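Chemist: Sequence isn't available, so here's the structure alone:
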């Protein structure tokens, strides 16, 4: 039995290791290729040949996939950060869009989740059901109403057309409400008996207890809105106002050699945020699904 259990665990570990390598391989390739020179990238991926042979049916094209560069170089990073002003401009466009959305949605969602989880009033469950329906609707369903509202408010081609709908998204309310259900109601009842109001209960009792849920929500929102494409593509006409997520797809056409460095820099904020809040994130995701 012990031998069978050992073989089972070894086989499972090997399978999981293979899947982990497959998932990490694109990231590893992007990181190592970003340390190559532009000449080496052009040779490995036949960037010039792809354009010249496209008319002939794509024959004689080759991709020399390499994990390690022949010579470590930071040439790509220098070109992205120092010689490509559009990259930095759109990086800050992304920051100015994502940070207000996260801050606003966390504040609104925390207050609304408290009302759904700890306050007793008529129609609470029915209203929360409406929230769930709004959350389950795909972006394409709400696109036209959001576009009409933004047009009526004069927000088209401005950051407000993206920030305002993002702040009042239903996902954060759902997630924090599920997390608050894990907090015993006795805490709230004891505070009310001591004369505390709901605002004091929220700030002094609830907020300190939901830090893992808030951290998990921040990470999920950052990944979602940092990678958004449809919203800025539709609501922002001026390319100078668009975020980095749109520019990253165009940088391959403008300067193919620096695509790997741009990709590494693009995903770095998400990786750093996850590593910083990893323990809170895992705990928050686990506890948010304990109760329904």
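Modeler: That came in fine, so what should we check first? Just so it is clear, the model here is predicted, and its values are computed rather than measured.
Chemist: Counting residues, name the longest helix you see in the protein.
Modeler: Longest helix of the chain, by residue count under DSSP state H: helix 85-118.
Chemist: just checking, next helix/strand downstream of that one?
Modeler: Counting by DSSP states H and E, the element after helix 85-118 in chain order, helix or strand, is helix 124-136.
Chemist: Can you tell me what sits against that next one?
Modeler: 115-116, 169-171, 173-174, 177 (C-beta atoms under 8 Å, 6 or more residues apart in numbering). Where C-beta positions appear, they are placed from N, C-alpha and C, glycine not excepted.
Chemist: following that helix, which helix or strand comes up?
Modeler: Note on helix 124-136: by DSSP H and E, the next helix or strand toward the C-terminus is helix 139-152.
Chemist: Buried residues of that following helix, list them for me.
Modeler: By neighbour count with 16 or more other C-beta atoms under 10 Å, helix 139-152 contains the buried residues 146, 150.
Chemist: Report the distance from that helix to the chain centre.
Modeler: On the basis of C-alpha atoms, centre = their mean, to the nearest Å, helix 139-152 sits 22 Å off its chain's mean C-alpha point.
Chemist: same check, this time on stretch 7-19
Modeler: Centroid displacement of stretch 7-19 relative to its chain, using C-alpha atoms, centre = their mean, is 30 Å.
Chemist: Pass me the low-pLDDT residue ranges in this protein, would you?
Modeler: 1-2, 46-64, 252-257, 283-292 (pLDDT under 70).
Chemist: Go ahead and confirm residue 27 touches residue 267.
Modeler: Yes: look at residue 27 against residue 267 with C-beta atoms under 8 Å: they come within range, at 7.5 Å.
Chemist: Looking at these two, which has the bigger crowd around it?
Modeler: residue 267 (17 against 13; other C-beta atoms under 10 Å).
Chemist: Run the angle between whatever helix or strand that one lives in and helix 85-118 for me.
Modeler: Secondary structure from DSSP H and E places residue 267 in helix 259-276. Angle, helix 259-276 to helix 85-118, by axes from the mean of the first three to the mean of the last three C-alpha atoms, to 10 degrees: 30 degrees.
Chemist: contacting residues for residue 245?
Modeler: Contact partners of residue 245, counting by C-beta under 8 Å, 6+ apart, are 94, 226-229, 232, 266.
Chemist: ok, of these, which come out buried?
Modeler: Buried among these by 16+ other C-beta under 10 Å: 94, 226-228, 232, 266.
Chemist: Could I get those residues in CSV, plus columns for distance to residue 121?
Modeler: Converted to CSV, the buried ones among the contacts of residue 245 look like this (distance: C-beta to C-beta, whole Å):
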residue, distance to residue 121
94, 39
226, 36
227, 37
228, 34
232, 38
266, 45
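Chemist: Identify, from the residues you listed, the entry nearest to residue 278.
Modeler: Using C-beta to C-beta, residue 226 comes nearest to residue 278 of the buried ones among the contacts of residue 245, at 17.3 Å.
Chemist: if I read this right, that closest one contacts residue 269, doesn't it?
Modeler: Yes: the pair residue 226 and residue 269 passes the contact test of C-beta under 8 Å, sitting 6.9 Å apart.
Chemist: Closest to the mean position in this protein, which residue would that be?
Modeler: For the chain, residue 223 is the residue whose C-alpha lies nearest the centre (C-alpha atoms, centre = their mean; 0.7 Å).
Chemist: list the contacts for residue 202?
Modeler: Residue 202 neighbours (C-beta under 8 Å, 6+ apart): 110-111, 114.
Chemist: Could you save those as CSV and add columns showing distance to residue 69 and neighbour count?
Modeler: Listed next are the contacts of residue 202 as CSV, based on distance: C-beta to C-beta, whole Å; neighbours: other C-beta atoms under 10 Å:
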residue, distance to residue 69, neighbour count
110, 46, 22
111, 51, 16
114, 52, 23
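Chemist: Now render the residues you listed as JSON lines, adding distance to residue 83.
Modeler: Putting these into JSON lines (distance: C-beta to C-beta, whole Å) gives the following:
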{"residue": "110", "distance to residue 83": "43"}
{"residue": "111", "distance to residue 83": "46"}
{"residue": "114", "distance to residue 83": "49"}
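Chemist: That'll do, ta.
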